[in-house]
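Visitor: Okay, structure incoming, though there's no sequence with it:
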């Protein structure tokens, strides 16, 4: 069966999927957890094969870090699914009720999007998160993971799909696309696929957006910033910056650029530079910092680069507005942070920075659906339509309007025979 044929079958099954009760969907998730735990040794063997092939193929280190799926990763993945089960059901939730006139009542109700195609990077845990979120939200999903994790993804999908079907979900609730050439076929399924969520490089996401008629939601680069204001606390600043840069470098919410107020440089940089060296972080900075601390000179290209590595660019700014201007120019509208003890400065920064996540005095690594209490996420959206930031359960739902009448006709309201009174119930 081709992708187009499969997508068409999924479209037909999507309303059956949407109609499944919260109990059935949660039972499917619980069965998925049991299947993953019971078959963990098979999963680890498949992952070891992916890791070995990646080494043979000289896959970049940043990608290899994402490939690994060990006991720690399985534990956190399972915990995410378990937390997702505990979340209240949002499918067919009444959002408002309005009486337009006597006997004429309008209801807005949440509902699943339908068929979602997700093309994601080489991260096995991403497959579990995405499939689980789509099940919880009552959506059908076409999943295409990175080829570097083909063995791990294959067994994970097999376990997830079998658990879902045995729980009573429809036959076409999930499908795994395994070949690269299937992506172009998926992009042509505008009559069956309701939403595409691509995760990957800027060039890849732009390619998806430019080659499909299907609505696209997602983000490209993760160029995140931390701005250290003049009124900062050194005891907060250094640990936050180090965590944001080094806790996990190969992710979109790791900090890539540091902006420092000119009055904060002398107090911040000696200790921070020492911490950078201790964590093997390469500093690339503007001349005023580079000359004093022996770092490489940063270029405009550095400020527009997502390193995904132990490298950080740094720049001195004259004031908070220059920092905001820099972020809005060079940033990817993902997650940006201000380190300051000044409440007014923090609020100004958080209002004026045009990003999905704006933080004060905490690591950019918190930009994650699991850490937000969403249970999991299908990705991070830097757009402004429909969903923004980590896209969890509510981001995979839309809504419909239901109007209940009793023989009402528009002609009565046009003629003046009747009048709307719009009363929220």
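Guide: Received, thanks. Quick caveat, the model's predicted, so the values are computed rather than measured. Numbering: from 1, shown residues only.
Visitor: Can you pull the phi and psi angles for residue 191?
Guide: Backbone torsions of residue 191, given as degrees, to the nearest 10, read phi -80, psi -10.
Visitor: distance of it from residue 114?
Guide: Separation of residue 191 from residue 114 (Cβ to Cβ, to the nearest Å): 12 Å. Just so you know, the C-beta spots here come from the backbone N, C-alpha and C atoms, and that holds for glycine as well.
Visitor: For those two, indicate the residue with more neighbours.
Guide: residue 114 (19 against 11; other Cβ atoms under 10 Å).
Visitor: tell me the pLDDT at that one?
Guide: The score at residue 114 is 95. That number is its pLDDT.
Visitor: I figured it hits residue 13, correct?
Guide: No: at 10.1 Å, residue 114 does not count as touching residue 13 under the criterion of Cβ atoms under 8 Å.
Visitor: quick one: common contacting residues for the two?
Guide: Jointly contacting residue 114 and residue 13 under the rule Cβ atoms under 8 Å, 6 or more residues apart in numbering are residue 140.
Visitor: Got the domain ranges for this protein?
Guide: Under the assignment automatic domain parsing, the domains of the chain span 3-218+391-401, 224-366.
Visitor: Between the two ends of the longest one, what distance do you get?
Guide: Right, the one you point to is domain 3-218+391-401. Using Cα to Cα, to the nearest Å, one end of domain 3-218+391-401 lies 32 Å from the other.
Visitor: Off-centre distance for it?
Guide: 12 Å (Cα atoms, centre = their mean, to the nearest Å).
Visitor: helices and strands around the helix or strand that contains residue 23, which ones?
Guide: Take DSSP states H and E as the rule and residue 23 turns out to sit in helix 22-38. Secondary-structure packing of helix 22-38 (3 or more Cβ pairs under 8 Å, 6 or more residues apart in numbering; DSSP states H and E): helix 71-86, helix 124-136, helix 150-166.
Visitor: quick one, the helix or strand that that helix is followed by and helix 124-136 angle?
Guide: Proceeding N to C from helix 22-38, the next assigned helix or strand is helix 40-56, under DSSP H and E. Counting by axes from the mean of the first three to the mean of the last three Cα atoms, to 10 degrees, helix 40-56 lies at 130 degrees to helix 124-136.
Visitor: Which positions in helix 40-56 come out as buried?
Guide: Within helix 40-56, the residues scored as buried using 16 or more other Cβ atoms under 10 Å are 40, 43, 44, 46, 47, 50, 51, 53, 54.
Visitor: What of stretch 298-307?
Guide: Buried-residue list, stretch 298-307, by 16+ other Cβ under 10 Å: 298, 302, 303, 304, 305, 306, 307.
Visitor: same question, stretch 171-190
Guide: So for stretch 171-190, counting by 16+ other Cβ under 10 Å, buried means 172, 173, 174, 175, 176, 177, 182, 183, 186, 187, 188, 189.
Visitor: tell me the contacts of residue 126?
Guide: With contacts defined as Cβ under 8 Å, 6+ apart, residue 126 is in contact with 120, 145, 199.
Visitor: Please apply the same query to residue 391.
Guide: By Cβ under 8 Å, 6+ apart, residue 391 lies in contact with 197, 217, 369, 377, 378, 379, 380, 381.
Visitor: In strands, which of those residues appear?
Guide: Members of these lying in strands (criterion: DSSP state E): 197, 380, 381.
Visitor: between the residues you listed, which is nearest residue 208?
Guide: Ranked by distance to residue 208 (Cβ to Cβ), the ones in strands among the contacts of residue 391 are led by residue 197 at 9.4 Å.
Visitor: Next up, the contacts around that closest one.
Guide: Neighbour list for residue 197: 116, 117, 118, 119, 120, 216, 217, 218, 378, 379, 391 [criterion: Cβ under 8 Å, 6+ apart].
Visitor: If we use 7 Å, what do you get?
Guide: By Cβ atoms under 7 Å, 6 or more residues apart in numbering, residue 197 lies in contact with 116, 118, 217, 218, 378, 379.
Visitor: Could you do residue 230 as well?
Guide: For residue 230, the contacting residues are 261, 263, 264, by Cβ under 7 Å, 6+ apart.
Visitor: need those in a markdown table with secondary structure, can you?
Guide: What follows is the contacts of residue 230, written out as a markdown table (DSSP: H, G, I helix; E, B strand; the rest coil):
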| residue | secondary structure |
| --- | --- |
| 261 | strand |
| 263 | coil |
| 264 | coil |
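Visitor: from those, which would you call buried?
Guide: By neighbour count, with 16+ other Cβ under 10 Å, the contacts of residue 230 hold 261, 264 as buried.
Visitor: ok, the contacts of residue 230 vs residue 240, which is closest?
Guide: residue 264 (13.7 Å).
Visitor: any idea how far that closest one lies from residue 237?
Guide: 8 Å.
Visitor: Overlap in contacts, these two.
Guide: Counting by Cβ under 7 Å, 6+ apart, the contacts common to residue 264 and residue 237 are residue 228.
Visitor: where along the stretch 201-350 of the chain do the strands fall?
Guide: When assigned using DSSP state E, counting those that start in this stretch, the strands of the stretch 201-350 of the chain occupy the ranges 224-228, 255-261, 282-285, 296-297, 311-317, 335-339.
Visitor: Mind giving me the packing neighbours of the shortest one?
Guide: Secondary-structure packing of strand 296-297 (3 or more Cβ pairs under 7 Å, 6 or more residues apart in numbering; DSSP states H and E): helix 287-293.
Visitor: and the helix it packs on, how far from the chain's centre?
Guide: Computed by Cα atoms, centre = their mean, the separation of helix 287-293 from the middle of its chain amounts to 36 Å.
Visitor: Just the mean pLDDT for it, thanks.
Guide: Across helix 287-293, pLDDT averages out at 91.
Visitor: Show me the shaky parts of this structure.
Guide: Filtered on pLDDT under 70, the chain yields the residue ranges 219-220.
Visitor: contact partners of stretch 32-51?
Guide: For stretch 32-51, contacts defined as Cβ under 7 Å, 6+ apart pick out 67-70, 74, 78, 81-82, 124, 132, 148-152, 155-156, 159-160, 162-163.
Visitor: sorry, back to before: can you convert the contacts of residue 126 into CSV and add a column each for distance to residue 252 and secondary structure?
Guide: Shown next, in CSV, are the contacts of residue 126 (distance: Cβ to Cβ, whole Å; DSSP: H, G, I helix; E, B strand; the rest coil):
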residue, distance to residue 252, secondary structure
120, 12, coil
145, 17, coil
199, 9, strand
